[in-house]
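A.B. asks: Sharing a sequence plus its predicted fold:
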Amino acid sequence: MISPKNININLHLCGIVRKSFGSFGVRGLNGVEINPAAYMEMANSAQVGLLVVRDEKIVFVNPVVKKTTQYSDTELIGMYYADLIFEEDRKFAINTVNKIIKAKRKDNAQSVRLRVLGKEKNSIWIKAGINKFIWQGKEALLFSAMNINDLCKAEEKARLANLAKNEFLAHMSHEIRTPLLGISGFCELFSQEELSSRQKESVENIRYCTEQLLGLVSNILDLSRIEARQVAMNQKPFSIKSMIEHMVQSLGIRVDKNKVDLQVEISSEIPERLIGDELKIRQVLNNLLTNAIKFTEEGYIKIIAERDDENSTMLPAVFPLKISVCDSGIGISHKKSRDIFKAFVQLDCQQNMEHKGAGLGLAISKQLVEIMGGRIWYEPEQGNGSAFSFLLPMQEVFTEECMESDEDYLLENTGIIAVSGSNVLLVEDIGVNRKLIKYMLEDMGCDVITARNGKECIEILHKSSPDLILMDMQMPVMDGYQATAIIRESPKHRRIPIIALTAYAFSGDVDRCLQAGCNSYLSKPFTREQLCQSLNKCLERETAQVGNASDLNM
């Protein structure tokens, strides 16, 4: 057996034959017939498996084929070639061979990757080239195969290891996010009480530490998603100005503590609404701002949003949006700046040991920007400091799209539909979280019934019909997926909106919840505002559907 590095199996088989048997005048299908004796002599010394098939039967094999399959000459000669192929790959192989036979062009070679059956009924991965030629006056097929079984086993082992890693990260995310909901949620409720200045500061510090921990968990998961190619685009209209203003407002307390002047410059050339992936852009900008705040103790941090035609190579129909974050912080050395977008790279600066992080923010930002079709770069700010910029291809919003998106924006950000007076069934197995979410709902004016698992949920539905169900998806006895399936089969309750609650955070989790029959999705931990928005959206949609049904029945 030879290493895949030592041979290019993708060479056309006619080429292999010509190179091996050129002195015998071999020219493939268009020319002189191959001399079988000469072919056998050269084929027996070849380091790849060579096999000739005529009328679907094997008429010649070289020693490499016999060694790989453990069959003898007498067992292989006369065997139908399809019987040598692993059952799951047989149909694919036959279709490939038929295409080669029917092909009229001269260059008809194909390269395939499939499994063959050994004598012990074991499957062996090979990479094979297939070409037709003339053998003893008749058309035949030449197979040239390389054993890649060890390579495929290594790939499968790596795939399973990566799958296990992703499952572990998802599980750990769930285990960490679940208590974080309780910590952040009760801090939010506590902050609404009358507190002393010292108590308010303590609550804010707890919330800040919680956000840092959640950010670390999210970054690790994001890196895993990107490696697993599980990042999907979600393009829709949104306001760049509103997004930046909300981020500045949420970061204001941290900036004030550092005595830093946070400045925002948004060019008048930027339309009110653009189409793009707001969540990913927000994440990139948040990573850049978090770094700027971390390494800037005094001076300024500036956010600049503008149109950049100068650095853009995008199509004329695309709006080149450039967002920059500049600061007057410690800056980055020229040597270190070459590696800052690599994962787990940190600034090697002794006076900032207290600010050491996981070194994931910039690596994730770079990959997210590239997924969105853009690029990101670093430049030293004049004097001290840093300037990070990213350029993205965006689409301008037409009038009708803008009107529709404005309605969605108002619904999501102002809570048009009042949830007060709604009957909500909360299904949550963890007592702390059940109590927290119940408090949040009661503060909104909702009447709340609680259940500890899906079985209790179904039992409650036999006696009452709530306006909405908040369903934790991971529970003992009966989980949220099973309970949702039962509810959707019930004529009486199938129209009740269900909002999934889960601490799992991979891209497939959302799809799984929606496919199970949930109307919406909340990832733990969530804020009171996010909960209110989700309730508003589901109740408004249900009200509209009921109204439309009433109109049709009139």
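C.D. replies: Arrived safely, thanks for sending. These figures come from a predicted structure and were not determined experimentally.
A.B. asks: quick one: buried residues of stretch 380-397?
C.D. replies: For stretch 380-397, burial by neighbour count (16 or more other C-beta atoms under 10 Å) applies to 381, 385-394, 396-397. Every C-beta, even on glycine, is put in place using the N, C-alpha and C of the backbone.
A.B. asks: Kindly check the end-to-end length of stretch 231-239 for me.
C.D. replies: 22 Å (C-alpha to C-alpha, to the nearest Å).
A.B. asks: just stretch 502-518 next, same as before
C.D. replies: Start-to-end span of stretch 502-518 (C-alpha to C-alpha) is 12 Å.
A.B. asks: What average pLDDT does that stretch get?
C.D. replies: For stretch 502-518, mean pLDDT is 77.
A.B. asks: ok, back up a step: quick one: which of the buried residues of stretch 380-397 is nearest residue 498?
C.D. replies: Relative to residue 498, the closest of those is residue 397; by C-beta to C-beta it sits at 31.7 Å.
A.B. asks: Check the burial of the nearest residue to residue 117 once chain neighbours are set aside by counting its neighbours.
C.D. replies: Distances taken as C-beta to C-beta, 6 or more residues apart in numbering place residue 86 nearest to residue 117, at 5.5 Å, with adjacent residues excluded. Using other C-beta atoms under 10 Å, residue 86 is surrounded by 18 other residues.
A.B. asks: Show only the entries of the buried residues of stretch 380-397 found in strands.
C.D. replies: Members of the buried residues of stretch 380-397 lying in strands (criterion: DSSP state E): 386-394, 396.
A.B. asks: Which member of the buried residues of stretch 380-397 is positioned nearest residue 80?
C.D. replies: Checking these against residue 80 with C-beta to C-beta, the nearest one is residue 393 at 54.1 Å.
A.B. asks: show me where pLDDT drops low in this protein?
C.D. replies: 1-40, 105-108, 224, 227-230, 252-258, 311-317, 343-359, 398-418, 504-508, 541-554 (pLDDT under 70).
A.B. asks: Can you lay out the buried residues of stretch 380-397 as TSV showing distance to residue 183?
C.D. replies: Formatted as TSV, the buried residues of stretch 380-397 follow (distance: C-beta to C-beta, whole Å):
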residue	distance to residue 183
381	36
385	34
386	32
387	35
388	31
389	35
390	32
391	38
392	34
393	39
394	37
396	42
397	39
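A.B. asks: Can you name the two of those residues that sit furthest apart?
C.D. replies: Farthest pair in the buried residues of stretch 380-397, by C-beta to C-beta: 385 and 397, 34.5 Å.
A.B. asks: pretty sure residue 301 contacts residue 259?
C.D. replies: No - in this structure residue 301 lies outside contact range of residue 259 using C-beta atoms under 8 Å: 11.4 Å.
A.B. asks: What's the first helix or strand after the strand or helix carrying residue 51?
C.D. replies: With elements taken from DSSP states H and E, the one containing residue 51 is strand 49-54. For strand 49-54, the succeeding helix or strand toward the C-terminus, using DSSP H and E, is strand 57-61.
A.B. asks: outside of that following strand, which residues touch it?
C.D. replies: Applying C-beta atoms under 8 Å, 6 or more residues apart in numbering, the contact partners of strand 57-61 are 36, 39-40, 43, 49-53, 73, 76-81, 84, 135, 140.
A.B. asks: Show me which residues of that strand are buried.
C.D. replies: Under 16+ other C-beta under 10 Å, the buried positions of strand 57-61 are 58-61.
A.B. asks: With distance to residue 445 added, can I get the residues you listed in CSV?
C.D. replies: Formatted as CSV, the buried residues of strand 57-61 follow (distance: C-beta to C-beta, whole Å):
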residue, distance to residue 445
58, 79
59, 84
60, 84
61, 80
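A.B. asks: Quickly check the residues you listed for the two that are furthest apart.
C.D. replies: Greatest spacing in the buried residues of strand 57-61, by C-beta to C-beta: 59 and 61 (8.8 Å).
A.B. asks: and residue 535, that one's in a helix?
C.D. replies: Yes - in this structure, residue 535 lies within a helix as judged by DSSP: H, G, I helix; E, B strand; the rest coil.
A.B. asks: Which parts of the stretch 301-450 of the chain are strands?
C.D. replies: For the stretch 301-450 of the chain, the strands defined by DSSP state E, counting those that start in this stretch occupy 319-327, 375-380, 386-396, 423-427, 447-451.
A.B. asks: Pull stretch 279-287 out as PDB, backbone CA atoms only.
C.D. replies: Taking Å, rounded to 0.1, in the frame of the first residue of the first chain, the C-alpha atoms of stretch 279-287 are listed here in PDB:
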ATOM      1  CA  LEU A 279     -27.400  39.700  15.000                       C
ATOM      2  CA  LYS A 280     -24.000  38.900  13.400                       C
ATOM      3  CA  ILE A 281     -23.200  42.500  12.800                       C
ATOM      4  CA  ARG A 282     -24.200  43.300  16.400                       C
ATOM      5  CA  GLN A 283     -22.000  40.500  17.600                       C
ATOM      6  CA  VAL A 284     -18.900  41.700  15.700                       C
ATOM      7  CA  LEU A 285     -19.400  45.300  16.800                       C
ATOM      8  CA  ASN A 286     -20.000  44.200  20.400                       C
ATOM      9  CA  ASN A 287     -16.700  42.200  20.300                       C
END
